[in-house]
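1. show me the folded form of this:
(2 chains)
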Amino acid sequence: MVTTETPGRTPGQTPAQTADQSAGARKVLGIPATAVRRARKSAASTPGRLFVIGVGLVVLALLTGVVGALSLRQKDDTVDNLIEHREPLATASQEIYRALSDADATAASAFLAGGTPPVALRERYEVDIASAGANLAEASADVGGVTEAEQQVNDLAKELPVYTGLVETARAYNRQGYPAGAAYLREASGLMRSKILPAAETLYAIDFERLVAEQEEARSVPWVTLLLVVALLVALVATQRYLTRRTNRLLNVGLLVATIAVALSLIWGTASLWIASSKVAAGEDNGTQQVESVVQARIVALKLRANETLTLVARGDGGEYEEEWKKLSKQITGDSDANLLVRAESLAANEEAATAIRDARRNAEDWMAAHAKVREKDAGGNYEGAVKVAIGDERDSAATMFSRLDANLFEALKHGREQFAAETSSASNAMLALAPGFAVLALLAAVGVTMGIRERLQEYR
Amino acid sequence: MRLIRTGARATLLAALAVVAVGCSTARPVDLATVDSVDGPQPVGVVENPPPPSTSSAPVPQCDPTASYRPMDALPAAGQMPANTTMRRIQDAGNLIAGVDQNTFLFGFRNPTTNALEGFDIDRVREIAEAIFGDPNRVQFQVITSKEREEALEKGRVHVVVRTYTANCERWQKVNFSSIYYTAGQRLLVERSSKVTSLEQLSGKKVCAAKGSTSIKTIDAHEANPVPVAVDNWSDCLIMLQQGQVAAVSTDDTILLGMVAQDPNVKIVGEKFTQEPYGIGIPKADVDMVKFVNAVLAQSIQSGRWQGSFNRWLGRTGEQAAPPVPAAYRD
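-> Prediction:
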């Protein structure tokens, strides 16, 4: 009736057998089989069955603790990674695009200005190039084994120096008064538009995709852990009912403690993961998605500005730029959903962001009016007047309107990013101490099971 | 004794492990090796362009330099006779001229002043002055070489003054004024190059503008050079500078403008074509042709033509006498 087996000592360890190591190995390999045989034999009796149940529960509790703590730890890391890596990376790659596109439009404006280009334009070009370089370094540090991202970063790193070389050659010829300068500038701009900007746009798309994928991961339910916890809880309840039936004792303190610990971890985990996931979702909707539509609007605005200046540089031979303008301008004007700014406004996180986007919408409409004036003057033969409206710093010039639009979009972008960071970090806070807490509760459950089962087993001695 | 054997076995195992590990990491990690790059190219470059689909009918023989007789006396500026093309232009307020902004010395944008200048631009201003009494009443429309006929046929411009060679094929679509300069196709190469003629450029890339007479001459040459067609003449210069073509071949006047921008290139060989430049005018506007011819004749007579020539082409050491029309078609 009493099991005398002490688990600490396996019968395979007599000195005679250690002499022959291969035989010993066979014995070691035989342990599980032996254990199963023994368990099956002893499970026939109540204490034997109790012992097996106890071991099973302890193993399940420890397993749940380890798996749960690891997966919760990982979830916490995922959320932190959103704030520390994914979102900054997506922002860096959109800044690469913005800076490069702006550099192209600025180089064209400086050319249009004639003579020695204004200091402000020169500085703006330099800052753009430096910013593109710095953000490219950020982006290249975190391609994360995504081959396509690596490819874009490579292309950008290879072509950017070539571009700046061409622009400087153009500048040197311009200062000497030779039209070869215009040819170099056209070549530079062609390189920018055909190779560099598409690479930057693709890189941004990849990095944005990675951000969204990781947000999804952060919001996902840890099914394995949940299943283990529920299974453990059911097993504990079932064991107690079994014990009550067999021993006529209503309560087993150890098992009760274990059950409470597991129930607590289930409630705590569910609540904090639910909060965290809804916070991540809020960060995605009011942060990331708003930023995304603002970024898209900004990309369109930059393309429009480049087309506007290049049409004038081409001086009547720029039909394709104006065609592109007409197609693109629909994406930031009007009241329909095709207007990216309308979409951004509906996603705006707070009143400041909404105001900035509303201002941007007004700037866009004003810019369209200024552009119409540019085209009207150019078509009417007043080229100098058209250039003045396009690049001058008057209050209603196209350049002023574009700058205001870009500044407001940047403002909206800033609010979107802040919203994202706030929501996502509160998701991280919701999971504070969850992983270690879960591990401690699982351990408590294991201890409770051990105590409870031992108490009953002792009654059989 | 057993301990030693065990120890020996462990050492052996360890040694094996080191060898195994050593084998798998002996190769250095691949670096980002770059062996070649795609150099940047001007927008719109076409290598070996398909020959233009010229009208299947053979071009009738003609004297491309023969224009219409100039009108006897120019009407006073600002008082163009009614029902003439000139009157229409005067009423519109501006002379619309198709020009180039990339060909140094002929039609180019001066980066310092932002204004269009050159020998061709001077011709445009003379016409504007004759119509309006004001050389600045001009709306310049920049067009590429291959857009010239189309711009005239569709009435987008009143005149085309853009190193425009008068030939019989083009005469079928547009009118030309009297010849105001005669250029000839030559070759431009790097100063260190030993090439002196197209014969030596078999299989090599030679640049010229799309739709120009020069690109056809290169394409038709028996030595089979590879024609590279670009949108603007200055694109040819920068391709030569970047080592993307072996030579540029076109009218010597255009090449002179390139030498003026970069003393490290030189013009070689003889003129192998005659390129008489005329002012393009829509086919219907014969009255305008007669008017423009009178303006040209006056410019030559008054010495303005010579002054303009000296100002632009004089700096290259080129000398020329004003052309005298030898024949008229009416």
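2. just for the chain, where's the confidence low?
-> Using chain A. In the predicted model of chain A, residues A:1-32, A:35, A:38-44, A:316, A:461 satisfy pLDDT under 70.
3. correction: the question concerned chain B.
-> Across chain B (using pLDDT under 70), the flagged ranges come out as B:1-25, B:51-57.
4. how about 50 then?
-> B:1-4 (pLDDT under 50).
5. domain ranges for it?
-> What the record gives for chain B is the domain set B:63-182+B:276-316, B:185-268, from automatic domain parsing.
6. show me what from the stretch 1-150 of chain B comes close to chain A.
-> For the stretch 1-150 of chain B, the residues in contact with chain A (CB under 8 Å from any CB of the partner chain) are B:32, B:34, B:37, B:39-43, B:93-94, B:96, B:101-104, B:108-114, B:138-144, B:147. C-betas here are computed from N, CA, C, even on glycine.
7. and those, which are buried?
-> Among the residues of the stretch 1-150 of chain B next to chain A, those that count as buried by neighbour count (16 or more other CB atoms under 10 Å in any protein chain shown) are B:40-43, B:94, B:96, B:101-104, B:108-111, B:138-144, B:147.
8. so which of those residues are in strands?
-> Members of those lying in strands (criterion: DSSP state E): B:96, B:102-103, B:108-109, B:138-142.
9. in the helix or strand encompassing B:Ala297, which residues are buried?
-> Assigned by DSSP states H and E, B:Ala297 belongs to helix B:286-302. Within helix B:286-302, the residues scored as buried using 16+ other CB under 10 Å are B:287-297, B:299-300.
10. helices of the stretch 251-400 of chain A, residue ranges please.
-> A:253-282, A:290-314, A:319-329, A:340-347, A:351-379, A:383-391, A:398-430 (DSSP state H, counting those that start in this stretch).
11. with adjacent residues omitted, what lies nearest to the spatially most central residue of chain B?
-> For chain B, the residue nearest the mean C-alpha position is B:Trp233 (3.1 Å; CA atoms, centre = their mean). For B:Trp233, the nearest residue in space outside its immediate sequence neighbours is B:Thr103; the separation is 4.7 Å by CB to CB, 6 or more residues apart in numbering or on different chains.
12. which ones are touching that neighbour?
-> Residues in contact with B:Thr103, defined by CB atoms under 8 Å, 6 or more residues apart in numbering or on different chains, are A:179, B:118, B:120, B:162-163, B:232-234, B:254, B:257.
13. list the contacts of the helix holding B:Ala297.
-> Residues outside helix B:286-302 that contact it (CB under 8 Å, 6+ apart) are B:67-74, B:84-86, B:123, B:126-127, B:130, B:158-159, B:175-178, B:180, B:279, B:281-282, B:305-306, B:308, B:322-323, B:325.
14. hey, C-alpha coordinates of that helix in CSV?
-> Presented in CSV, the C-alpha positions along helix B:286-302 are these (Å, rounded to 0.1, in the frame of the first residue of the first chain):
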residue,chain,number,x,y,z
VAL,B,286,4.0,83.0,-97.1
ASP,B,287,3.4,86.7,-96.4
MET,B,288,5.3,86.2,-93.1
VAL,B,289,8.2,84.6,-95.0
LYS,B,290,8.5,87.6,-97.3
PHE,B,291,8.3,89.9,-94.3
VAL,B,292,11.0,88.0,-92.4
ASN,B,293,13.2,87.9,-95.5
ALA,B,294,13.0,91.7,-95.7
VAL,B,295,13.9,91.9,-92.0
LEU,B,296,17.0,89.7,-92.7
ALA,B,297,18.0,91.7,-95.7
GLN,B,298,17.8,94.9,-93.7
SER,B,299,19.8,93.4,-90.9
ILE,B,300,22.5,92.3,-93.2
GLN,B,301,22.5,95.7,-95.0
SER,B,302,22.6,97.7,-91.8
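15. and the next element down the chain from that helix?
-> Of the helices and strands lying after helix B:286-302 in sequence (DSSP H and E), the nearest is helix B:304-312.
16. elements contacting that next one?
-> Contacts defined by 3 or more CB pairs under 8 Å, 6 or more residues apart in numbering or on different chains; DSSP states H and E place helix B:304-312 against helix B:119-132, helix B:286-302.
17. how far off centre is the longest one?
-> In this view, helix B:286-302 has its centroid 26 Å away from the chain centroid, taken as CA atoms, centre = their mean, to the nearest Å.
18. now swap in the first one and tell me
-> When distances are taken as CA atoms, centre = their mean, helix B:119-132 is centred 21 Å away from the chain's centroid.
19. any chance of the helices of the stretch 251-400 of chain A in TSV, with distance to chain B and mean neighbour count too?
-> Putting the helices of the stretch 251-400 of chain A into TSV (distance: least, CB to the nearest CB, whole Å; neighbours: other CB atoms under 10 Å in any protein chain shown) gives the following:
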stretch	distance to chain B	mean neighbour count
helix A:253-282	36	19
helix A:290-314	7	25
helix A:319-329	10	15
helix A:340-347	28	21
helix A:351-379	9	19
helix A:383-391	7	21
helix A:398-430	16	21
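20. need the ones you listed in JSON lines (columns: distance to A:Gln152).
-> As requested, these are exported to JSON lines (distance: least, CB to CB, whole Å):
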{"stretch": "helix A:253-282", "distance to A:Gln152": "27"}
{"stretch": "helix A:290-314", "distance to A:Gln152": "15"}
{"stretch": "helix A:319-329", "distance to A:Gln152": "22"}
{"stretch": "helix A:340-347", "distance to A:Gln152": "23"}
{"stretch": "helix A:351-379", "distance to A:Gln152": "28"}
{"stretch": "helix A:383-391", "distance to A:Gln152": "31"}
{"stretch": "helix A:398-430", "distance to A:Gln152": "22"}
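21. to A:Gly56, which of those lies closest?
-> helix A:253-282 (12.9 Å; CB to CB).
22. identify whichever of the domains of chain B lies nearest to A:Asp80.
-> A:Asp80 sits nearest to domain B:185-268 of all the domains of chain B, at 49.1 Å, using CB to CB.
23. how about the residue in the stretch 351-461 of chain A positioned nearest to chain B, what does it touch?
-> For the stretch 351-461 of chain A, the residue closest to chain B is A:Gly381, as judged by CB to the nearest CB, at 3.0 Å. By CB under 8 Å, 6+ apart, A:Gly381 lies in contact with B:93-94, B:96, B:138-139.
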